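In: fold the following for me, if possible:
(chains A and B)
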2 protein chains.
Amino acid sequence: MDTSPTTEIIGILGGMGPAATADFYAKLVSMTPGSSDQDHLRTVIWSDPTIPDRTEALLGDGPDPTPWLLDGSRVLREAGATLIAIPCNTAHAFVPRIADHVGLPIVHMIGEVARHLTTLSPRIHTAGLLATTGTVRVGLYQEWLDRFGIGLVLPDAASQDHEVMTAIRAVKAGARDVTVTEPLARAARRLTAQGAQVIIAGCTEIPLGLCAEAVDVPLVDPALVLAQALVRRAGTKPAQ
Amino acid sequence: MDTSPTTEIIGILGGMGPAATADFYAKLVSMTPGSSDQDHLRTVIWSDPTIPDRTEALLGDGPDPTPWLLDGSRVLREAGATLIAIPCNTAHAFVPRIADHVGLPIVHMIGEVARHLTTLSPRIHTAGLLATTGTVRVGLYQEWLDRFGIGLVLPDAASQDHEVMTAIRAVKAGARDVTVTEPLARAARRLTAQGAQVIIAGCTEIPLGLCAEAVDVPLVDPALVLAQALVRRAGTKPAQ
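Out: Numbers count the residues shown, from 1 in each chain, chains lettered A, B, ... in the order given. Presented below is the predicted three-dimensional model:
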C-alpha cells in the first residue's frame, strides 16, 4: 500500500507541550513540497502531555521523564516509524539516556540548529538563546555551538526567571498576547545588545509567543529547522 | 505512569489531508482546559497522506481507501488508543465498512455536527453545506441532518465543481489566499441566499481557507465540533 515517494515514516515524540507538537506537525507539512495529500510524509505522532516536566526534572524538582520517553519511542517504533524527531528542546537533555534503547535514529534538533547556523551569511560568531532554565542549565546549546565555534549569550538570572520562564509557562497555559510577547521581546533585545547576531527560539513554546518581527536580528526556530531536516532526510528538498 | 485526569487515549486517523490533521490537533489542544502540559489528553496520531483520495474513490475514479483506514486504525489500537476520531468528512463515507473491524469506538464527526446543530438558538431548520463532491454525492450530511429534521441546501453543480472543489484542491496544494477565500465565500453566500441559517464547513480543508467573518451566518467547523466532543468524552468540559 506504499505509494509515497519515500519509505521513511516520521515518528514524532511529542506532547512537550501539546500545542508545540501541533505547531511542529503544521511546520513539517508546510515544509514538505507537493501539490496533493499524497506527496506528504507518512507520520506517526505520540503526544503524551502527562510526561513529567523536563525542566523540573533537570533542576531536581520532579520525576525523571526518561521512562515516558522510552515508552513513547517504543510506540512509535511499533507503529512503523523509521526515525524519531522530538519537538522539545529541553527533552534533548535526556536523549543520551534513550538513544541506545529506542532502536531508531533520532534526528537531533539542537545538532540541526547548530549546523544550520553555520550555513547563514554573514557568518555567525555569537548567538543568543531563549530557552527553558533546564535547557540553559544543562548546557545543551552550549555543547553543540562550541563544536562549531559559535559563542552563546544567555539572559541573566532575573530575565531567565521572570521574562523567559514566566512567558513559556504562560504559553503552555494558552496565552498568546502581550503578556508573553512583551517579556520575550525584551529578553531578546537584551541578548542582541550583548552582541547576539541571531536569537534561537530554543523552546518550542517560544515561537508561539514571539514573532520574528519583534526581534531586530534573525529569529531561528528550531522546530522549523528540524522540520526541514526531516524533509531532506526523506529525500526531498524543503519548500521555500 | 498514568498521571492524566482521564484514561482515554485519543486516536486520530489523519493525513486526509495532513494540514487538516495538524489543524485538528491544534483545535483539540485549544479546546482542552488546563494550565499546564499535564492537563492535556494523551493522543496518538496516524497521519498517512498516501491514502487514496476519498472523493475519487466515491466517484469511481480511484482505489478504495478502506484497507488504508483499517491499517491506520490497527496502528492506533496497538498504540493504546481507546477511541478513534477521523478529521476528514469524506472519509466518513467509509466508516460503515471499517466500524465493525477496528475494535474501538469511532466518534462520528458528522453525527456530532448534526447533534451540535440541534443545540443552536434560534432553532436551525436549514443548513448549507460546503464539502467535497464525494461527501455531497454520498449524502453523508443529508442522512444525519434528516434524522434531526434539518434541511440541507447544496451548491449547484457549477459552484460545487468550480468554486468548492477547486478551492479544496488549492488548499491541499498549500494556497491560503484570495484564490481560495473568494470562491468559498461566494459559494457560501449562494447558500445563505437559499435560506441557509448556518454554513457547515464540511471538509477539513475549508476552515483553512474560509474564515467566519467571510460568511454572514454562523460557520460551523466540524473539526472544532469533533474536538469538543472528544474533550467531553474524556470527562472534561471543553474550553471557551
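
In: the one helix or strand residue A:21 maps to versus helix B:18-31: what angle between them?
Out: Counting by DSSP states H and E, the element that carries residue A:21 is helix A:18-31. For helix A:18-31 against helix B:18-31, the angle by axes from the mean of the first three to the mean of the last three CA atoms, to 10 degrees is 160 degrees.

In: after helix A:18-31, which helix or strand is next? Please name it.
Out: For helix A:18-31, the following helix or strand on the C-terminal side (DSSP H and E) is strand A:42-47.

In: just the CA trace of that next one, in CSV.
Out: Output in CSV follows, covering the C-alpha atoms of strand A:42-47 (Å, rounded to 0.1, in the frame of the first residue of the first chain):
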residue,chain,number,x,y,z
ARG,A,42,3.7,9.4,6.5
THR,A,43,3.9,10.4,10.1
VAL,A,44,3.0,8.9,13.4
ILE,A,45,2.8,11.2,16.5
TRP,A,46,2.8,10.0,20.1
SER,A,47,1.7,13.0,22.1
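
In: from the contact counts, what lies against the following helix or strand past it?
Out: Next along the chain after strand A:42-47, taking DSSP H and E as the criterion, comes helix A:54-58. Contacts defined by 3 or more CB pairs under 8 Å, 6 or more residues apart in numbering or on different chains; DSSP states H and E place helix A:54-58 against helix A:133-138. Quick note: C-beta positions are derived from backbone N, CA and C, even for glycine.

In: give me the buried positions along the helix it packs on.
Out: Of all the residues in helix A:133-138, those buried under the rule 16 or more other CB atoms under 10 Å in any protein chain shown are A:133, A:134, A:135, A:136, A:138.

In: now stretch A:212-228
Out: With the criterion 16+ other CB under 10 Å, stretch A:212-228 contains buried residues A:214-215, A:217, A:219-228.

In: measure the closest residue to residue A:115 other than its chain neighbours to chain B for me?
Out: Spatial nearest neighbour of residue A:115, excluding adjacent residues (CB to CB, 6 or more residues apart in numbering or on different chains): residue A:148 at 7.5 Å. Using CB to the nearest CB, to the nearest Å, one obtains 31 Å as the distance from residue A:148 to chain B.

In: all helices of chain A, in order?
Out: Taking DSSP state H as the criterion, chain A carries its helices at A:18-31, A:54-58, A:66-78, A:95-98, A:109-118, A:133-138, A:140-147, A:157-159, A:166-172, A:178-193, A:206-209, A:222-233.

In: I'd like those helices laid out as CSV, including mean pLDDT.
Out: As requested, the helices of chain A are exported to CSV (pLDDT from 0 to 100):
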stretch, mean pLDDT
helix A:18-31, 96
helix A:54-58, 95
helix A:66-78, 97
helix A:95-98, 96
helix A:109-118, 98
helix A:133-138, 96
helix A:140-147, 97
helix A:157-159, 97
helix A:166-172, 94
helix A:178-193, 96
helix A:206-209, 93
helix A:222-233, 97
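
In: before we move on, the earlier item: between strand A:42-47 and the helix holding residue A:21, find me the angle.
Out: Computed by the same axes, to 10 degrees, the angle separating helix A:18-31 from strand A:42-47 equals 170 degrees.

In: is any residue of helix A:18-31 near chain B?
Out: Yes: applying CB under 8 Å from any CB of the partner chain, one finds helix A:18-31 in contact with chain B at A:18, A:19, A:21, A:22, A:23, A:25, A:26, A:29, A:30.

In: so what does that helix touch, helix or strand wise?
Out: Secondary structure elements in contact with helix A:18-31, counted by 3+ CB pairs under 8 Å, 6+ apart, are strand A:9-14, strand A:42-47, helix A:206-209, helix A:222-233, helix B:18-31, strand B:42-47.

In: from the chain's centroid, how far away is the shortest one?
Out: Using CA atoms, centre = their mean, to the nearest Å, the mean C-alpha position of helix A:206-209 is found 11 Å from that of the whole chain.

In: got the buried residues for that helix?
Out: By neighbour count, with 16+ other CB under 10 Å as the criterion, the buried positions of helix A:206-209 are A:206, A:207, A:208, A:209.

In: what's the closest of those to residue A:75?
Out: Comparing the buried residues of helix A:206-209 against residue A:75 with CB to CB places residue A:208 closest, at 25.3 Å.

In: what's the spacing between that closest one and chain B?
Out: When distance is defined by CB to the nearest CB, residue A:208 is 10 Å away from chain B.

In: equivalent analysis for residue A:159, please.
Out: 22 Å.

In: rewinding a little: run a quick neighbour tally on the residue nearest to residue A:115.
Out: Around residue A:148 there are 12 other residues, counting by other CB atoms under 10 Å in any protein chain shown.

In: next one: the one 4 residues further on
Out: Residues within reach of residue A:152, counting by other CB under 10 Å, total 20.

In: quick check: it touching residue A:125?
Out: No: with the criterion set as CB atoms under 8 Å, residue A:152 and residue A:125 do not qualify as a contacting pair; they are 10.6 Å apart.

In: tell me the pLDDT of residue A:7.
Out: Per-residue confidence (pLDDT) for residue A:7: 88.

In: residue contacts, it?
Out: Residue A:7 is in contact with residue A:82, counting by CB atoms under 8 Å, 6 or more residues apart in numbering or on different chains.

In: burial of residue A:118, as a residue count?
Out: 13.

In: re the thing from before, for the buried residues of helix A:206-209, which one is nearest chain B?
Out: Minimum separation from chain B among these (CB to the nearest CB) is found for residue A:208, which lies at 10.2 Å.

In: how near is that closest one to residue B:14?
Out: 21 Å (CB to CB, to the nearest Å).

In: thinking residue A:118 is in contact with residue A:148, fair?
Out: Yes: taking contacts as CB under 8 Å, residue A:118 lies within contact range of residue A:148: 5.3 Å.

In: quick one: end-to-end distance for stretch A:208-219.
Out: By CA to CA, to the nearest Å, the extent of stretch A:208-219 from end to end equals 13 Å.

In: run through who's touching it.
Out: Counting contacts by CB under 8 Å, 6+ apart, the residues outside stretch A:208-219 that touch it are A:19-20, A:23, A:120, A:128, A:130, A:167-168, A:170-171, A:175-176, A:180-181, A:184-185, A:188-189, A:192, A:196-199, A:201, A:207.

In: got JSON lines for the helices and strands packed on helix A:18-31, with distance to residue B:64 too?
Out: Supplementary listing: the helices and strands packed on helix A:18-31 in JSON lines, determined by distance: least, CB to CB, whole Å:
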{"stretch": "strand A:9-14", "distance to residue B:64": "22"}
{"stretch": "strand A:42-47", "distance to residue B:64": "19"}
{"stretch": "helix A:206-209", "distance to residue B:64": "39"}
{"stretch": "helix A:222-233", "distance to residue B:64": "30"}
{"stretch": "helix B:18-31", "distance to residue B:64": "21"}
{"stretch": "strand B:42-47", "distance to residue B:64": "18"}
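
In: among these, which is nearest residue B:112?
Out: With CB to CB as the criterion, residue B:112 lies closest to helix B:18-31 of these, at 12.7 Å.

In: the inter-axis angle of that closest one versus strand B:9-14?
Out: For helix B:18-31 against strand B:9-14, the angle between stretch directions is 150 degrees (the same axes, to 10 degrees).

In: dump helix B:18-31 to CSV, restricted to CA.
Out: Below are the C-alpha coordinates for helix B:18-31, written out as CSV (Å, rounded to 0.1, in the frame of the first residue of the first chain):
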residue,chain,number,x,y,z
PRO,B,18,-2.0,16.4,6.6
ALA,B,19,-2.5,20.1,7.1
ALA,B,20,-6.1,19.5,8.2
THR,B,21,-4.8,16.9,10.7
ALA,B,22,-2.3,19.4,12.2
ASP,B,23,-5.2,22.0,12.4
PHE,B,24,-7.4,19.4,14.1
TYR,B,25,-4.8,18.5,16.7
ALA,B,26,-4.3,22.2,17.4
LYS,B,27,-8.0,22.6,17.9
LEU,B,28,-8.2,19.6,20.2
VAL,B,29,-5.4,21.1,22.3
SER,B,30,-7.0,24.6,22.4
MET,B,31,-10.4,23.0,23.4
